[in-house]
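Asker: Pasting the sequence and the predicted model now:
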Amino acid sequence: TIKNSKLITCKDFHISSAFTSRFFRKIATTKSNKKNSFFIRKLSVLIAILFIIGSFCFTVAPFFNIYNLIHIQTKTINYIYFIGSIFFTSASYLQYLQAINADITNKNHLSKEPQPWEWFKIKTQNLGILSSFIQFLGTLLFNLDTYSATLKHTSTQAQYFVISMPDMIGSVFFLLSSFLAWLEVCHDNAMQTFRSVLWWIIWLNIIGSIFFQLSAIAGLFTNTLNLQLVAAYCTMFGGVAFFIASYLLIPESKIGYNYTQAKGFNYGK
């Protein structure tokens, strides 16, 4: 059974609300464990900033590739991609840390006792953990293919295995991660179509992942100029979608925290 929402009514918590695992980690665990809770909440802003920078790199790099208004060399453009992928990986790992240290399916995270900080865990019962871990794997593959693009390759076959295939598999991971992120919150009443910040974050990430996947498919045909242009446009549009979604992570964290204060939810009181 996938436990991504839970009715919390135990004696240690004055809460009677259906929580999703995303909502739980964004406003963060228990009042009794203030140190971890504060850090987990603040991670949301840091994650947003890192994703914003990464998305910006994946937007401007293909823009320069398409228009090249200031005649930037291809190698420089590839380095912009690589720098962006490093920011993506950093943000993705922090998002994974946030998920495993505010795990609604872990009874220990609902207790008053301080919990040790976890750095790695695989738990298929929590879609937030699964989604963030798969996205993290995708970013590692983007690190590989963007770095490889900065190097010289003697054969098309080598380019295929170190650039095209990691890009394709990484994009598939991003798509799967986006779907799991949607599955995690699709039953949340707070996600109102076109009206809630959460809805926009989820669907902009899905749109961005689709564009990245289309770019990876077009990128397989490196000898076709038109498809290379299509790949660049898809990457740019995907970067824009991720950029907006990343920015919205900041108001999401504030909205979630203010909502719980307004409702009088007191964790571990």
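Answerer: Good, I have the coordinates.
Asker: so where's the longest helix in this protein?
Answerer: Residue-count comparison of every helix in the chain, with assignments taken from DSSP state H, identifies helix 225-263 as the longest.
Asker: in it, what counts as buried?
Answerer: Of the residues in helix 225-263, 227-228, 230-250, 252-253, 255-256, 260 count as buried by neighbour count, 16 or more other CB atoms under 10 Å. For the C-beta atoms, the positions are set from N, CA and C on the backbone; glycine is no exception.
Asker: Ends of stretch 158-173, what's the gap?
Answerer: According to CA to CA, to the nearest Å, stretch 158-173 extends 22 Å from its N-terminal end residue to its C-terminal end residue.
Asker: List the neighbours of that stretch that are in contact with it.
Answerer: In this structure, residues lying in contact with stretch 158-173 by CB atoms under 8 Å, 6 or more residues apart in numbering are 134-135, 137-142, 144-145, 148-149, 153, 209, 212-213, 215-217, 219-220, 222.
Asker: Mind doing that once more with 7 Å?
Answerer: Judged by CB atoms under 7 Å, 6 or more residues apart in numbering, the contacts made with stretch 158-173 from elsewhere in the structure are 134-135, 137-138, 141-142, 144-145, 148-149, 153, 212-213, 216, 219-220, 222.
Asker: Show me where the chain has its strands.
Answerer: Taking DSSP state E, the strands of the chain run over residues 5-7, 18-20.
Asker: mean pLDDT for those strands: which is lowest?
Answerer: Lowest mean pLDDT of those: strand 5-7, a mean of 39.
Asker: pLDDT weak spots in the protein?
Answerer: Regions of the chain meeting the criterion pLDDT under 70 cover residues 1-20, 24, 26-41, 69, 104-115, 154, 190, 222, 255-269.
Asker: show me the contacts for the most centrally placed residue in it.
Answerer: Central residue check for the chain by CA atoms, centre = their mean: the C-alpha nearest the mean position is that of Ser92, 5.4 Å away. The contact partners of Ser92, by CB under 7 Å, 6+ apart, come to 132, 135-136, 139.
Asker: Can you tell me which of those residues has the most neighbours?
Answerer: Gln135 (27 neighbours; other CB atoms under 10 Å).
Asker: So that residue sits against Phe174, correct?
Answerer: Yes - in this structure, Gln135 sits in contact with Phe174. The criterion is CB atoms under 7 Å, and the distance is 6.3 Å.
Asker: re the thing from before, now, which of the contacts of stretch 158-173 lie within helices?
Answerer: Among these, the ones falling in helices (DSSP H) are 134-135, 137-138, 141-142, 144-145, 148-149, 212-213, 216, 219.
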